[in-house]
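>>> sequence plus the predicted model coming up.
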Amino acid sequence: MSADRGASGTERTDDASAPPVVLKLGGSLITDKNRPETLDDAALAAACDAVASALADGAVDRLVVVHGGGSFGHHHASEHGVSTTAGTADAGAVMDIHSAMTELNRAVLNRLHERDVPAVPVHPLSLSARLEGPDGDLDLPLSSTATLLGEGFVPVLHGDGVATAGAGVTVVSGDELVVELAVGLGARRVGVCSTVPGVLDSDGEVIPSIDSFEAVADALGASDATDVSGGMAAKVRELLALDAPAHVFGAAGLEPFLRGEDAGTRID
Ligand SMILES: Nc1ncnc2c1ncn2[C@@H]1O[C@H](COP(=O)(O)OP(=O)(O)OP(=O)(O)O)[C@@H](O)[C@H]1O
Ligand SMILES: C=C(C)CCOP(=O)(O)O
(Lines give C-alpha, C1' and ligand atoms only; values in the text may rest on other atoms or scores of the structure.)
(Ligands and ions follow the chains in the order given, each with its own letter.)
Protein backbone atom coordinates (compact mmCIF):
# COMPACT_ATOMS: atom_id res chain seq x y z
CA MET A 1 0.00 0.00 0.00
CA SER A 2 1.48 3.35 -0.88
CA ALA A 3 -1.36 5.70 -0.05
CA ASP A 4 -0.94 8.26 2.71
CA ARG A 5 -3.64 6.78 4.84
CA GLY A 6 -4.05 3.46 6.60
CA ALA A 7 -6.81 0.96 6.04
CA SER A 8 -9.49 2.95 7.84
CA GLY A 9 -8.26 6.45 7.34
CA THR A 10 -5.63 6.82 10.06
CA GLU A 11 -2.88 9.09 8.76
CA ARG A 12 0.43 7.38 8.50
CA THR A 13 3.35 9.06 10.18
CA ASP A 14 5.93 10.96 8.12
CA ASP A 15 8.78 9.21 9.89
CA ALA A 16 8.34 5.51 9.16
CA SER A 17 11.07 4.63 11.65
CA ALA A 18 9.75 6.62 14.63
CA PRO A 19 9.78 4.48 17.79
CA PRO A 20 6.40 2.84 18.38
CA VAL A 21 4.47 2.24 21.57
CA VAL A 22 4.02 -1.47 22.32
CA LEU A 23 0.86 -2.32 24.26
CA LYS A 24 -0.18 -5.69 25.63
CA LEU A 25 -3.84 -6.25 26.40
CA GLY A 26 -3.72 -9.06 28.94
CA GLY A 27 -5.80 -12.13 28.41
CA SER A 28 -7.04 -11.70 31.98
CA LEU A 29 -8.41 -8.30 31.00
CA ILE A 30 -10.15 -9.06 27.71
CA THR A 31 -11.51 -12.52 28.54
CA ASP A 32 -13.18 -14.21 31.47
CA LYS A 33 -10.22 -16.37 32.40
CA ASN A 34 -12.33 -18.78 34.44
CA ARG A 35 -14.77 -19.66 31.62
CA PRO A 36 -13.35 -21.35 28.52
CA GLU A 37 -13.42 -19.24 25.37
CA THR A 38 -15.43 -16.38 26.87
CA LEU A 39 -14.72 -12.73 26.09
CA ASP A 40 -15.03 -9.95 28.64
CA ASP A 41 -16.81 -7.82 26.09
CA ALA A 42 -17.13 -4.70 28.25
CA ALA A 43 -13.44 -4.71 29.15
CA LEU A 44 -12.40 -5.34 25.54
CA ALA A 45 -14.67 -2.55 24.28
CA ALA A 46 -13.30 -0.10 26.87
CA ALA A 47 -9.70 -0.98 25.95
CA CYS A 48 -10.45 -0.55 22.23
CA ASP A 49 -12.12 2.82 22.95
CA ALA A 50 -8.96 4.02 24.70
CA VAL A 51 -6.73 2.82 21.85
CA ALA A 52 -8.96 4.40 19.19
CA SER A 53 -9.13 7.77 20.89
CA ALA A 54 -5.36 7.90 21.56
CA LEU A 55 -4.71 7.22 17.85
CA ALA A 56 -7.42 9.60 16.66
CA ASP A 57 -6.15 12.58 18.65
CA GLY A 58 -2.47 11.87 17.97
CA ALA A 59 -1.45 10.95 21.55
CA VAL A 60 0.07 7.84 19.91
CA ASP A 61 1.03 7.70 16.24
CA ARG A 62 2.65 4.27 15.90
CA LEU A 63 1.25 1.42 17.92
CA VAL A 64 1.77 -2.33 18.06
CA VAL A 65 -0.82 -4.28 20.04
CA VAL A 66 -0.21 -7.72 21.52
CA HIS A 67 -2.87 -9.69 23.32
CA GLY A 68 -2.61 -12.63 25.66
CA GLY A 69 -4.44 -15.92 25.76
CA GLY A 70 -6.85 -15.60 28.65
CA SER A 71 -9.51 -18.29 28.54
CA PHE A 72 -8.89 -18.91 24.82
CA GLY A 73 -5.25 -20.09 24.74
CA HIS A 74 -4.44 -21.20 28.26
CA HIS A 75 -7.21 -23.78 28.68
CA HIS A 76 -6.30 -25.60 25.48
CA ALA A 77 -2.57 -25.41 26.19
CA SER A 78 -3.11 -26.72 29.70
CA GLU A 79 -5.37 -29.56 28.52
CA HIS A 80 -2.70 -30.70 26.08
CA GLY A 81 0.14 -30.29 28.59
CA VAL A 82 1.77 -27.58 26.48
CA SER A 83 3.54 -24.58 28.03
CA THR A 84 6.40 -22.24 27.23
CA THR A 85 8.79 -25.11 27.99
CA ALA A 86 6.75 -28.29 27.30
CA GLY A 87 6.00 -28.91 23.64
CA THR A 88 3.70 -31.12 21.63
CA ALA A 89 4.20 -33.12 18.44
CA ASP A 90 0.41 -33.44 17.98
CA ALA A 91 -0.93 -31.28 15.14
CA GLY A 92 -4.42 -31.48 16.67
CA ALA A 93 -3.14 -29.93 19.90
CA VAL A 94 -1.36 -27.18 17.97
CA MET A 95 -4.56 -26.45 16.06
CA ASP A 96 -6.66 -26.34 19.25
CA ILE A 97 -4.33 -23.71 20.74
CA HIS A 98 -3.76 -21.71 17.56
CA SER A 99 -7.43 -21.76 16.48
CA ALA A 100 -8.56 -20.50 19.87
CA MET A 101 -5.98 -17.72 19.70
CA THR A 102 -6.89 -16.69 16.16
CA GLU A 103 -10.55 -16.61 17.20
CA LEU A 104 -9.68 -14.24 20.05
CA ASN A 105 -7.48 -12.23 17.68
CA ARG A 106 -10.42 -11.91 15.28
CA ALA A 107 -12.60 -10.57 18.10
CA VAL A 108 -9.94 -7.99 19.05
CA LEU A 109 -9.52 -6.93 15.40
CA ASN A 110 -13.28 -6.60 14.93
CA ARG A 111 -13.63 -4.35 17.98
CA LEU A 112 -10.74 -2.18 16.73
CA HIS A 113 -12.17 -1.97 13.20
CA GLU A 114 -15.54 -0.89 14.60
CA ARG A 115 -13.62 2.11 15.98
CA ASP A 116 -11.74 2.80 12.71
CA VAL A 117 -8.40 1.53 13.99
CA PRO A 118 -6.48 0.11 11.00
CA ALA A 119 -5.58 -3.11 12.80
CA VAL A 120 -4.16 -6.14 10.98
CA PRO A 121 -3.18 -9.54 12.38
CA VAL A 122 0.34 -10.92 12.67
CA HIS A 123 0.27 -14.59 13.75
CA PRO A 124 3.45 -15.68 15.57
CA LEU A 125 3.00 -19.41 14.76
CA SER A 126 3.62 -18.61 11.10
CA LEU A 127 6.65 -16.39 11.77
CA SER A 128 8.50 -17.36 14.83
CA ALA A 129 10.68 -20.21 16.20
CA ARG A 130 12.81 -21.29 19.12
CA LEU A 131 15.79 -22.49 17.13
CA GLU A 132 17.70 -23.88 20.10
CA GLY A 133 14.93 -25.70 21.92
CA PRO A 134 12.50 -24.65 24.67
CA ASP A 135 15.17 -22.81 26.70
CA GLY A 136 16.60 -21.00 23.69
CA ASP A 137 15.89 -17.46 22.58
CA LEU A 138 12.81 -16.67 20.56
CA ASP A 139 13.44 -15.85 16.90
CA LEU A 140 10.76 -13.36 15.83
CA PRO A 141 11.42 -11.78 12.42
CA LEU A 142 10.04 -8.25 12.56
CA SER A 143 10.12 -7.09 8.95
CA SER A 144 6.39 -7.61 8.40
CA THR A 145 5.43 -5.84 11.63
CA ALA A 146 7.84 -2.95 10.98
CA THR A 147 6.63 -2.55 7.40
CA LEU A 148 2.98 -2.66 8.44
CA LEU A 149 3.71 0.07 11.02
CA GLY A 150 5.42 2.20 8.39
CA GLU A 151 2.39 1.81 6.14
CA GLY A 152 0.07 3.18 8.81
CA PHE A 153 -1.38 -0.06 10.16
CA VAL A 154 -1.65 -1.21 13.75
CA PRO A 155 -0.21 -4.75 13.83
CA VAL A 156 -1.95 -7.00 16.36
CA LEU A 157 0.06 -10.01 17.55
CA HIS A 158 -0.95 -12.58 20.14
CA GLY A 159 0.34 -15.35 22.36
CA ASP A 160 0.44 -18.49 20.21
CA GLY A 161 2.14 -21.79 19.51
CA VAL A 162 5.73 -21.55 18.34
CA ALA A 163 7.89 -24.08 16.45
CA THR A 164 10.56 -25.28 18.87
CA ALA A 165 13.59 -27.34 17.84
CA GLY A 166 13.50 -30.75 19.47
CA ALA A 167 10.18 -30.15 21.25
CA GLY A 168 7.55 -29.74 18.53
CA VAL A 169 5.44 -26.70 19.33
CA THR A 170 5.57 -24.82 22.65
CA VAL A 171 3.70 -21.69 23.76
CA VAL A 172 5.00 -18.19 23.14
CA SER A 173 3.45 -15.75 25.60
CA GLY A 174 2.31 -12.28 24.71
CA ASP A 175 4.80 -11.03 27.30
CA GLU A 176 7.72 -12.58 25.39
CA LEU A 177 6.43 -11.04 22.17
CA VAL A 178 6.21 -7.64 23.85
CA VAL A 179 9.88 -7.87 24.83
CA GLU A 180 11.02 -8.96 21.35
CA LEU A 181 8.96 -6.22 19.69
CA ALA A 182 10.16 -3.57 22.12
CA VAL A 183 13.82 -4.46 21.58
CA GLY A 184 13.60 -5.11 17.85
CA LEU A 185 11.51 -2.06 16.99
CA GLY A 186 13.18 0.23 19.54
CA ALA A 187 9.93 0.93 21.38
CA ARG A 188 9.39 4.31 22.97
CA ARG A 189 7.25 2.92 25.79
CA VAL A 190 5.81 -0.43 26.72
CA GLY A 191 2.48 -0.97 28.47
CA VAL A 192 1.05 -4.16 29.92
CA CYS A 193 -2.61 -3.81 30.79
CA SER A 194 -4.06 -6.54 33.01
CA THR A 195 -6.75 -6.95 35.66
CA VAL A 196 -4.57 -5.71 38.49
CA PRO A 197 -3.88 -1.96 38.95
CA GLY A 198 -0.13 -2.65 38.95
CA VAL A 199 2.37 -5.00 40.52
CA LEU A 200 1.17 -5.41 44.11
CA ASP A 201 3.31 -5.69 47.24
CA SER A 202 2.56 -8.24 49.95
CA ASP A 203 -0.02 -5.84 51.48
CA GLY A 204 -1.84 -5.59 48.16
CA GLU A 205 -0.63 -2.04 47.46
CA VAL A 206 0.62 -0.99 43.99
CA ILE A 207 4.42 -0.80 43.90
CA PRO A 208 5.12 2.52 42.13
CA SER A 209 8.39 1.45 40.49
CA ILE A 210 10.60 -1.62 40.20
CA ASP A 211 14.23 -1.72 39.12
CA SER A 212 15.30 -5.11 40.46
CA PHE A 213 13.61 -8.51 40.53
CA GLU A 214 15.06 -9.49 43.90
CA ALA A 215 13.51 -6.47 45.61
CA VAL A 216 9.98 -7.63 44.75
CA ALA A 217 10.39 -11.40 44.21
CA ASP A 218 8.58 -12.36 47.43
CA ALA A 219 5.41 -10.52 46.39
CA LEU A 220 5.32 -11.95 42.88
CA GLY A 221 3.23 -15.00 42.12
CA ALA A 222 1.84 -16.83 39.16
CA SER A 223 -1.63 -16.06 37.80
CA ASP A 224 -4.85 -16.69 39.81
CA ALA A 225 -6.31 -18.50 36.79
CA THR A 226 -5.18 -21.21 34.37
CA ASP A 227 -1.97 -19.81 32.93
CA VAL A 228 0.82 -21.74 31.23
CA SER A 229 3.21 -18.84 30.85
CA GLY A 230 4.18 -17.68 34.33
CA GLY A 231 1.83 -14.85 35.40
CA MET A 232 3.18 -11.69 37.05
CA ALA A 233 6.62 -12.98 38.06
CA ALA A 234 7.50 -13.84 34.44
CA LYS A 235 6.12 -10.49 33.29
CA VAL A 236 8.25 -8.44 35.67
CA ARG A 237 11.39 -10.47 34.91
CA GLU A 238 10.96 -9.92 31.16
CA LEU A 239 10.08 -6.23 31.39
CA LEU A 240 13.12 -5.50 33.57
CA ALA A 241 15.33 -6.62 30.68
CA LEU A 242 14.10 -3.79 28.44
CA ASP A 243 15.75 -0.43 27.75
CA ALA A 244 12.37 1.24 27.19
CA PRO A 245 10.31 2.17 30.26
CA ALA A 246 7.51 -0.33 30.86
CA HIS A 247 4.32 0.07 32.86
CA VAL A 248 2.02 -2.59 34.30
CA PHE A 249 -1.46 -1.26 35.00
CA GLY A 250 -5.15 -2.11 35.08
CA ALA A 251 -8.03 -0.95 32.88
CA ALA A 252 -8.10 2.50 34.50
CA GLY A 253 -4.43 3.03 33.65
CA LEU A 254 -4.76 2.44 29.91
CA GLU A 255 -5.86 5.91 28.87
CA PRO A 256 -3.23 7.75 30.99
CA PHE A 257 -0.54 5.38 29.70
CA LEU A 258 -1.47 6.04 26.07
CA ARG A 259 -1.33 9.78 26.79
CA GLY A 260 2.27 9.43 27.96
CA GLU A 261 1.59 9.57 31.68
CA ASP A 262 2.80 7.18 34.37
CA ALA A 263 0.32 4.41 35.16
CA GLY A 264 0.38 1.55 37.66
CA THR A 265 3.88 0.22 38.25
CA ARG A 266 6.79 1.59 36.26
CA ILE A 267 9.47 -1.00 35.48
CA ASP A 268 12.90 0.15 34.33
N1 LIG B 1 2.45 -9.30 43.08
C2 LIG B 1 1.48 -9.38 42.17
N3 LIG B 1 0.91 -8.24 41.70
C4 LIG B 1 -0.09 -8.29 40.78
N5 LIG B 1 -0.57 -9.44 40.26
C6 LIG B 1 -0.04 -10.61 40.69
C7 LIG B 1 1.00 -10.63 41.65
N8 LIG B 1 1.34 -11.92 41.86
C9 LIG B 1 0.54 -12.67 41.08
N10 LIG B 1 -0.29 -11.90 40.36
C11 LIG B 1 -1.27 -12.41 39.42
O12 LIG B 1 -0.87 -12.06 38.11
C13 LIG B 1 -2.05 -11.90 37.32
C14 LIG B 1 -1.68 -11.14 36.07
O15 LIG B 1 -0.94 -12.01 35.26
P16 LIG B 1 -1.64 -12.82 34.08
O17 LIG B 1 -0.55 -13.48 33.30
O18 LIG B 1 -2.76 -13.66 34.58
O19 LIG B 1 -2.27 -11.60 33.31
P20 LIG B 1 -2.52 -11.28 31.81
O21 LIG B 1 -1.25 -10.93 31.13
O22 LIG B 1 -3.59 -10.24 31.83
O23 LIG B 1 -3.14 -12.62 31.22
P24 LIG B 1 -2.64 -13.53 30.00
O25 LIG B 1 -1.39 -14.24 30.49
O26 LIG B 1 -3.78 -14.45 29.76
O27 LIG B 1 -2.38 -12.61 28.89
C28 LIG B 1 -2.98 -11.18 38.27
O29 LIG B 1 -4.33 -11.37 37.88
C30 LIG B 1 -2.68 -11.87 39.59
O31 LIG B 1 -3.51 -12.99 39.72
C1 LIG C 1 -1.59 -19.89 25.89
C2 LIG C 1 -1.32 -19.18 24.84
C3 LIG C 1 -1.40 -19.84 23.54
C4 LIG C 1 -0.95 -17.75 24.82
C5 LIG C 1 -0.19 -17.30 26.06
O6 LIG C 1 0.01 -15.88 26.00
P7 LIG C 1 -0.11 -15.03 27.34
O8 LIG C 1 -1.52 -15.06 27.78
O9 LIG C 1 0.35 -13.67 26.96
O10 LIG C 1 0.80 -15.64 28.38
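Happy to help now that I have it. A quick note: this is a predicted structure, and the numbers were derived from the prediction, not measured. Ligands and ions are numbered 1, 2, ... in the order given.

>>> count of neighbours near the residue nearest to residue 217 when sequence neighbours are not counted?
Nearest residue to residue 217, sequence neighbours excluded (Cβ to Cβ, 6 or more residues apart in numbering): residue 233, at 7.5 Å. No exception for glycine: its C-beta is placed from N, CA and C like everyone else's. Residue 233 has 17 neighbouring residues, counting by other Cβ atoms under 10 Å.

>>> next: the one 10 residues further on.
The burial metric for residue 243, expressed as a neighbour count using other Cβ under 10 Å, is 11.

>>> again, but for the one 10 residues further on
Under the neighbour criterion other Cβ under 10 Å, residue 253 is assigned a count of 24.

>>> please name the nearest non-neighbouring residue to residue 65.
residue 156 is the one closest to residue 65 (Cβ to Cβ, 6+ apart), at 4.6 Å.

>>> please, which helix or strand holds the residue nearest to residue 217?
Using DSSP states H and E, residue 233 maps to helix 231-240.

>>> tell me the mean pLDDT for that helix?
For helix 231-240, mean pLDDT is 88.

>>> what residues does it touch?
Here helix 231-240 makes contact (Cβ atoms under 8 Å, 6 or more residues apart in numbering) with 173, 175-176, 178-179, 190, 192, 196, 199, 210-213, 216-217, 220-223, 246, 248, 267-268.

>>> give me the subset of those touching ligand 2.
173, 175 (Cβ under 6 Å from any ligand atom).

>>> list the contacts for the nearest residue to residue 68 once chain neighbours are set aside?
The shortest distance from residue 68 to any residue that is not its chain neighbour, by Cβ to Cβ, 6+ apart, is 3.2 Å, and that residue is residue 27. Contacts here follow Cβ under 8 Å, 6+ apart; on that basis residue 27 touches 33, 67-74, 104, 159, 174.

>>> can we see that at 10 Å?
33, 40, 67-74, 101, 104, 158-159, 173-174, 194-195, 223, 225, 227, 229 (Cβ atoms under 10 Å, 6 or more residues apart in numbering).

>>> measure it to residue 156 for me?
14 Å (Cβ to Cβ, to the nearest Å).

>>> and residue 122, by the same measure?
Separation of residue 122 from residue 156 (Cβ to Cβ) stands at 7 Å.
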